[in-house]
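Participant: can't give you the sequence, but here's the structure:
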Ligand SMILES: Nc1ncnc2c1ncn2[C@@H]1O[C@H](COP(=O)(O)OP(=O)(O)OP(=O)(O)O)[C@@H](O)[C@H]1O
C-alpha cells in the first residue's frame, strides 16, 4: 500500500536525510574541513595570544596587581641601564655624562657610582666627564640622542655636596612597548648619586643606602583577550566553510534539476527543507561542540571561565543562523560554482561589520535601538558582540566569566551595556526564523530554471496552507514587466487524422465521459512562453512571447506507448513539461486519469502516479544506483518493506545489478540513462514520460532498454520523445509528429508511412559477375536495362545506385501498377541478372523529413524565408525554404521555351533546421505547369540585389505530368 499525506512526507523526509548523510559521508574532505576547521583557527588564536602575552610580560598594566613587590625583591630595577637599552639612543652611546671633573672628590664619587652600579659595573668608556654643566649642554646639543642624561656635582664645602640631574624625560614607545624614562633611568641615576655622595660624606664605602620602590596595588588597567578580539573573525571563517558547502549543495540540486525531478515525482516542499535543515543542524551542532572543546583544550580563559552551555549556545545559534542565511542566499543563486564567490563576499562584509561592532557600533546607549535591530539581523554582528562580551568577562585569569545564571547581567567592564547574552540568544533565535522563512518565501517567488514562480503573496491564499489550491504558479521574473501575450492564432489542423483526433476529444469533452481506456486526454493544450522586459541597470532586455505549443488535442490510451516526434524546438519537451506540471499551461487543459493539470489538487494527484525520465540525467554523482532507486521509491511512497525487492528487480531490468553499489559519478553515459529510465519506472507509475531515454546508449543496450519499455507498457501509458526513428517505429503504438508547436500528423507507424512517405522503396540486388549461359555479361551496363524498365513502366529513376544494387523510390500513385510490374520483374530476374528484389514502405525517417519540410515550407512561406541554391551550372538562385520543385528564371530558350527547373533535396541539420543537400539535374519545365499560377514569393525587396528568385512549382503538377 503506497503511503499518502503526513506518512508520505515523513518517509520522504527520512529518505532525504539519509541521502544528505550519505552524500556528506562520501564527500569526506569537505566534511572534515567543515568540522575540524575550528581546530586550525583556534590554534591560530592560541599563537596570537601567546605572542601578544609575551610582549606584555614585563608590564603589569594587563594584570590584576594585588600585592605589589618592592624593587629590592627585584620587580623594579634600580640599576643604571646600559645606554643601548634606552629607546631611541643612537650608538656609540654613553651611559651618563657628568660635570665637575675639576674636583677629585667628585671624580671619586663618580668612580664609585660606576663601580657600585648594581649588577653591572659601568666601564669608563661609557661615561664622559666635563668641567661645567654648560660644557655638557654643548655636547648634548652636538650629539643628540647619544646619551640619556647627566649628573652635575658641586662641592660646596667639606660637608655639603650638591648635585643636579639632567635627563631626557620624553616618554617613548617602540614596537608597542612603552618606556617610562623616570623609572628606567632617572631614579636609578638619582639613587646612585645620593648613595655615593652619602658614602663620601660619612667616609664609609660600605654604608648601606637601600631605597625600595613599589607600585600601587591595582586591577588590570589594560585588557587583552585574543579570543575576544580575533575570535569573531576567526569563528566567522569557521562558519563560512559550512556556509559555502551548504549553498553549493542546495544550488547543485537546483542546477542539475534534481530537486525539480523529485518535485515532479511528488516530493513535499516541507520534507525537502526539513531534511536539509535536520542534517545541517546536526553538523552545526557537532561543529559548535568541537569549537568549544578545542578552545578548552587550548586552555583559553575565554573557554575555561565562561560557562560551557553559555558558550555552546552562542556558537550553535550563530552557526544555525549562518545555515538558514545560506538557505536564503541559495535561492538567489543558479550556479553552484558561484557559491565560493558568494561565501567570500559575505565573509568580507561580515569581517567589516564585525570590526565596526567591536569598535562599539551600535551596541551602546549613544545609538538608537532601531540601529541595533537592523544591525542584529546580520548574524556575524550579533555573534561578534557576544564574543566581545564573553571575552571582556574573561580578560584576566581572575575574571569569573559568564555563568548560565548571569546571562541576563552585564559585566562590570561594560559601563554602557545595552545588550546581554540572554538578549543575544533571543535575537539569534528570532533571526534564525526570519532567514528560514525568507528562504522558503524567496524559493517560491523567485523563478526556477523553467522561469516558473508563485505569486508574491501566495501565502495569503488559504489553499497554500491546506494543500488545496496553493500551488498556482506564474512565469517571468518578479522584477520584470511582462509583455502582453498575444493569443495563439486558432487554425484547424490541415491533416485529416489530426482533425479526426481533435473531433474525438472534443466530443468526449462535451459529454464529459472519458473512455476508461484513456489515460491522458489533452484538450487544446497551448503554451506561450511570455515575453518579458527585464529592466537592468543600463539597458532593457526584451524577449517576445513565444508560442511553443499551439492547441493540441489528443487521447493517450492505457497500455500504449505514444511517441512524440519532431525537429528540435518543435515543442515536445514543452508538452511533457505542461503535463508534468513543470510549467503552467497557457490554454486548454489535460486530464490525466481524471485529474486536471490546471487544478492544484489534480496536479498533486497526478504527481503521485507519474514517472519521468527527463532529457538530462537526474543523478547525484555520490550516490549508488541502489541508493537512487531507494530514494525515489521512498519519495513515491513505497512501503519500506517492499523497497529492497522493488529496487533489486528494477536494477535487474535495466541490467545494472553488477553496478548496483557503484557511484553514479563513475557510470558511463548509457548506464546513467538506464538508471534514469529505472527511476522513471519505479513505484509502478500509471503514466510514464520518457524524454529521449536512449540518448548515448550503444545499440545492444538500446535494444535492451527497448525491451524494458515494451514490457513497461502493460498497465500504464507511456509518452516517449525521441530523435531515433527506429526507436519510434519499434516501440510506438501511435506516433504524432510535431513541428512549430502543432501536431502535423498522428497515427500508427504504418499509417504515417503510407500517408506521408513518398511511397515504396525497391532495392534491386544484382548477382556477382558471372558468365552463365543466357545471362547478360557482368559490367555496369547490365544495370541499364533495369533502369530503363523502371523508367518506362513507372517513370522513376534510381535514387541510389552502385555496381551491385539499385534503389528506386516509387510514388504511392503507382501502387495499382506494382503487382503486375513486380510480377514481370520477377519473371525476368535471370534476364536482368537480378539476385534479390526487396520492396518496402518508405521509412519513418522519410515521413519525418517530409513533415518537417512541409512545416518549414509553411513557416518560410509565412515569414518569407529564402535560402540560396547554388546550381551546378554555376548560377545561384533564391528559393523558399523546404520547396521541392523550382523553376529557374532566365533559362527560357528556343530549345526550352518554358525554361528549366530543378528538384531541390533537403536534409535536417544538427539543430533540426532544413538545409539544402543538393539538387537534381536541370530539366525542362513540363508543358502542363501553369507558369502564371506559381506561388509568389514575399519579401523580395529584402533579397540581395542581382540574385534571381526561383519560382515554386507544385509537386502535383510534376507528378501529374509523369
Ligand atoms: N522557458 C522558456 N522560455 C521561452 N522559450 C522557451 C522556454 N522553454 C522552451 N522554449 C522555446 O520553446 C520551443 C520548444 O522547446 P522544446 O524544448 O519544447 O522543444 P523540443 O521539441 O523538446 O526540442 P528538443 O528536441 O531540442 O528537445 C523552443 O523554441 C524553445 O526555445
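Facilitator: Nice, I can see it. On a predicted model such as this, the values are computed, not experimentally measured, just so you know.
Participant: for the stretch 51-200 of the chain, which spans come out with low pLDDT?
Facilitator: Along the stretch 51-200 of the chain, segments meeting pLDDT under 70 span 58, 61, 70-77, 175-177.
Participant: That one against the ligand: which residues are in contact?
Facilitator: By CB under 6 Å from any ligand atom, no part of the stretch 51-200 of the chain sits against the ligand. From N, CA and C alone the C-beta is placed, and that goes for glycine too.
Participant: Ok, the chain next?
Facilitator: Counting by CB under 6 Å from any ligand atom, the chain comes close to the ligand at 450-451, 529, 546, 548, 566, 568-574.
Participant: Export the residues you listed to TSV and append columns for secondary structure and neighbour count.
Facilitator: Output for the residues of the chain next to the ligand, formatted as TSV (DSSP: H, G, I helix; E, B strand; the rest coil; neighbours: other CB atoms under 10 Å):
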residue	secondary structure	neighbour count
450	coil	16
451	coil	16
529	strand	20
546	strand	15
548	strand	23
566	coil	26
568	coil	13
569	coil	17
570	coil	26
571	coil	25
572	helix	27
573	helix	21
574	helix	22
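Participant: Among the residues you listed, find me the one that's closest to residue 133.
Facilitator: Nearest to residue 133, judged by CB to CB, of these is residue 451 at 92.2 Å.
Participant: contacting residues for the residue most central in space within the chain?
Facilitator: Nearest residue to the geometric centre of the chain (CA atoms, centre = their mean): residue 336, 2.2 Å. Listed by CB atoms under 8 Å, 6 or more residues apart in numbering, the contact set of residue 336 reads 247, 248, 251, 252, 255.
Participant: and for stretch 272-292, what are the contacting residues?
Facilitator: 12-13, 16-17, 19-21, 24, 31, 34-36, 38-39, 42, 235, 238, 242, 246, 249-250, 259, 262-263, 303, 308, 311-312, 315-316, 319-320, 323-324, 327, 436, 439-440.
Participant: Same question for stretch 613-627.
Facilitator: For stretch 613-627, the surrounding residues in contact (CB under 8 Å, 6+ apart) are 19, 22-23, 26-27, 256-258, 261, 573, 628, 631, 647, 651, 656, 659-665, 667, 672-673, 675-680, 688-693, 695.
Participant: Restricted to helices, list the contacts of stretch 272-292.
Facilitator: Of the contacts of stretch 272-292, the ones assigned to helices by DSSP state H are 12-13, 16-17, 19-21, 24, 31, 34-36, 38-39, 42, 235, 238, 242, 246, 249-250, 259, 262-263, 303, 308, 311-312, 315-316, 319-320, 323-324, 327, 436, 439-440.
Participant: Report the buried members of those residues.
Facilitator: Among the ones in helices among the contacts of stretch 272-292, the ones that count as buried by 16 or more other CB atoms under 10 Å are 12-13, 16-17, 19-20, 24, 31, 34-35, 38-39, 42, 235, 238, 242, 246, 249-250, 259, 262-263, 303, 311-312, 315-316, 319-320, 323-324, 327, 436, 439-440.
Participant: Could you list the single helix or strand in the protein with the lowest mean pLDDT?
Facilitator: strand 481-482 (a mean of 51; mean pLDDT, DSSP states H and E).
Participant: Heading C-terminal from that strand, find the next helix or strand.
Facilitator: Using DSSP states H and E, the helix or strand that follows strand 481-482 in sequence is helix 496-511.
Participant: Which strands and helices lie in contact with that following helix?
Facilitator: On a contact count with 3 or more CB pairs under 8 Å, 6 or more residues apart in numbering; DSSP states H and E, helix 496-511 meets strand 518-529, strand 546-557, strand 742-747.
Participant: what would those strands look like in JSON lines with distance to residue 362 and mean pLDDT?
Facilitator: Output for those, formatted as JSON lines (distance: least, CB to CB, whole Å; pLDDT from 0 to 100):
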{"stretch": "strand 518-529", "distance to residue 362": "48", "mean pLDDT": "90"}
{"stretch": "strand 546-557", "distance to residue 362": "51", "mean pLDDT": "90"}
{"stretch": "strand 742-747", "distance to residue 362": "63", "mean pLDDT": "90"}
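Participant: Distance to residue 704 added to those strands, as a markdown table?
Facilitator: Formatted as a markdown table, these follow (distance: least, CB to CB, whole Å):
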| stretch | distance to residue 704 |
| --- | --- |
| strand 518-529 | 25 |
| strand 546-557 | 25 |
| strand 742-747 | 28 |
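Participant: Residue 425 is nearest to which of those?
Facilitator: When the helices and strands packed on helix 496-511 are compared by CB to CB, strand 518-529 sits nearest residue 425, at 48.7 Å.
Participant: Comparing the helices and strands packed on helix 496-511, which comes out most buried?
Facilitator: strand 742-747 (a mean of 25; mean count of other CB atoms under 10 Å).
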